[in-house]
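model the structure of this input:
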Amino acid sequence: MTQHIIVVGAGVIGLTTAVQLAEAGLHVEVMAAERPQATTSAVAGALWGPWLVEPRARVLAWAAHSLTVMQELAHHAGSGVRVASGMEVSRRSYPAPDWANLLADRRPCTPDELPTGYGHGSRYSAPLVDMPLHLGYLLARLRTAGGTLTVRRLASLDQASIDPRVAIVNCSGVGARQLVPDPELFPIRGYHVVAKNPGLTEFLEADTEHATDLLAIYPHRDHVILGGTAEPDTWSLKPDDKIATAIVDRCAELEPRLTKAAIIEHRIGLRPTKPTVRLEAERSPAGNVIIHNYGHGGAGVSLAWGCAQEVTSLLSAAT
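Numbers count the residues shown, from 1 in each chain. Next up is the predicted model:
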């Protein structure tokens, strides 16, 4: 396997992949336009659950491996990962998602557990991640394994290295639209409001029956992330008080303790979305092995470790 690897991108996909490679004994440099805390990953709600991402057979394998690793990380202080309990609820009945059987304790909600107006739901436990803390944890692991981070904005992947002996792993997220370039890739804007936690410990996701307006409550120790939106082809990262107020109102309707919770910040990110995740190897015109690992939409946290494992295998086979 090539000993020198450049990983492009410092979100959860890039850092997880870099950690996997560096801890396998390879020389890894992460090259990214922004530091981890400025990436889309840093603003994610980050409850494990590989919703709305293809291709399903590969996604389920990646998600299963990632779930196992994240359940282990929950035992490590400072990882930002905990296994949280909670519910997903809806007014209409839907088939269980294909990943439901990966969660051993998933069960239907009893009538007394459901919020007013919701007739269906499931209760389960899953990893919930405080993303700013988790990204810092991954970066520290990378550095401990000898990896480095360089903040550098690339105009194309060709700029990552002129040495054909260097392998490039493209984890550039929404940036891949220009770097590859890949016109199939588009953003789905996610908008979250962070509030002071009034004492919540369980997550709650509710089906709003509106494609762009989401309802999610993700509690962490001192704060709670309230979601959200899913706005296709929206590139703006500018805060919008009207959107934020609507998010808080939706969440407070189901959890009244949020009505007077102090707002800490708005978090806005661009989910890198494709019809299918791109995880494959190719060679550049200069001869570099390139492993593409992008297009995970809102499921990056749910797939990161499984995809990193496959990147390692692809690099071994290609070099």
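
longest strand in this structure, please.
Looking across the chain with DSSP state E, the single longest strand is strand 263-283.

that one: how far from the chain's middle?
8 Å (C-alpha atoms, centre = their mean, to the nearest Å).

and that strand, average pLDDT?
The average of the pLDDT scores along strand 263-283 is 98.

partner strands of it, with direction?
Here strand 263-283 has these sheet partners by DSSP bridges: strand 186-196 (antiparallel), strand 289-296 (antiparallel).

what's the average pLDDT for the last one?
Spelled out, it's strand 289-296. For strand 289-296, the per-residue pLDDT averages 98.

and the first one, by the same measure?
Taken as a whole, strand 186-196 carries a mean pLDDT of 98.

downstream neighbour of that strand in the secondary structure list?
Using DSSP states H and E, the helix or strand that follows strand 186-196 towards the C-terminus is strand 203-206.

out of the strands paired with strand 263-283, indicate the one that is most buried.
strand 289-296 (a mean of 26; mean count of other C-beta atoms under 10 Å). The way it works is simple: take the backbone N, C-alpha and C, and place the C-beta from them, glycine included.

and the next element down the chain from that strand?
Using DSSP H and E, the next helix or strand after strand 289-296 towards the C-terminus is helix 300-318.

and that following helix, which residues are buried?
300-312, 314-315 (16 or more other C-beta atoms under 10 Å).

from the residues you listed, pick the one nearest residue 76.
residue 305 (13.8 Å; C-beta to C-beta).

so where do the helices sit in the stretch 101-250 of the chain?
131-144, 176-179, 241-254 (DSSP state H, counting those that start in this stretch).

of all these, which one is nearest residue 87?
Using C-beta to C-beta, the helices of the stretch 101-250 of the chain put helix 241-254 closest to residue 87, at 10.2 Å.

report the angle between the closest one and strand 186-196.
60 degrees (axes from the mean of the first three to the mean of the last three C-alpha atoms, to 10 degrees).

buried stuff in helix 241-254?
Buried residues in helix 241-254, counting neighbours by 16+ other C-beta under 10 Å, are found at 243, 244, 247, 248, 250, 251, 252, 254.

how near is the last one to residue 207?
The reference is to residue 254. 12 Å (C-beta to C-beta, to the nearest Å).

between the two, which contacts overlap?
Counting by C-beta atoms under 8 Å, 6 or more residues apart in numbering, the shared contacts of residue 254 and residue 207 are residue 215.

residue 49 is in contact with residue 100, isn't it?
No. Between residue 49 and residue 100 there is no contact under C-beta atoms under 8 Å: 9.5 Å.

ends of stretch 174-191, how far apart?
One end of stretch 174-191 to the other measures 16 Å (C-alpha to C-alpha, to the nearest Å).

does residue 10 sit in a helix, a strand or a coil?
coil (DSSP: H, G, I helix; E, B strand; the rest coil).

pLDDT and distance to residue 275 for the buried residues of helix 241-254 - can I get that in a markdown table?
As requested, the buried residues of helix 241-254 are exported to a markdown table (pLDDT from 0 to 100; distance: C-beta to C-beta, whole Å):
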| residue | pLDDT | distance to residue 275 |
| --- | --- | --- |
| 243 | 98 | 27 |
| 244 | 98 | 31 |
| 247 | 98 | 28 |
| 248 | 98 | 33 |
| 250 | 97 | 29 |
| 251 | 98 | 31 |
| 252 | 98 | 36 |
| 254 | 96 | 33 |
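
gap between the residue lying closest to residue 314 once chain neighbours are set aside and residue 57?
Distances taken as C-beta to C-beta, 6 or more residues apart in numbering place residue 281 nearest to residue 314, at 4.7 Å, with adjacent residues excluded. Per C-beta to C-beta, residue 281 is found 19 Å from residue 57.

same check, this time on residue 114
Separation of residue 114 from residue 57 (C-beta to C-beta): 33 Å.

for those two, indicate the residue with more neighbours.
For residue 114 versus residue 57, neighbours defined as other C-beta atoms under 10 Å are more numerous around residue 114 (17 against 9).

from memory the more buried one sits against residue 108, does it?
No. The criterion here is C-beta under 8 Å, and residue 114 misses it with residue 108 at 9.9 Å.

so residue 33 touches residue 153, yeah?
Yes. Counting by C-beta under 8 Å, residue 153 is a contact partner of residue 33 at 4.2 Å.

who has more neighbours, those two?
Neighbour count, other C-beta under 10 Å: between residue 33 and residue 153, residue 33 has more, with 17 against 10.

residue 62: which element?
Here residue 62, judged by DSSP H and E, is contained in helix 56-73.
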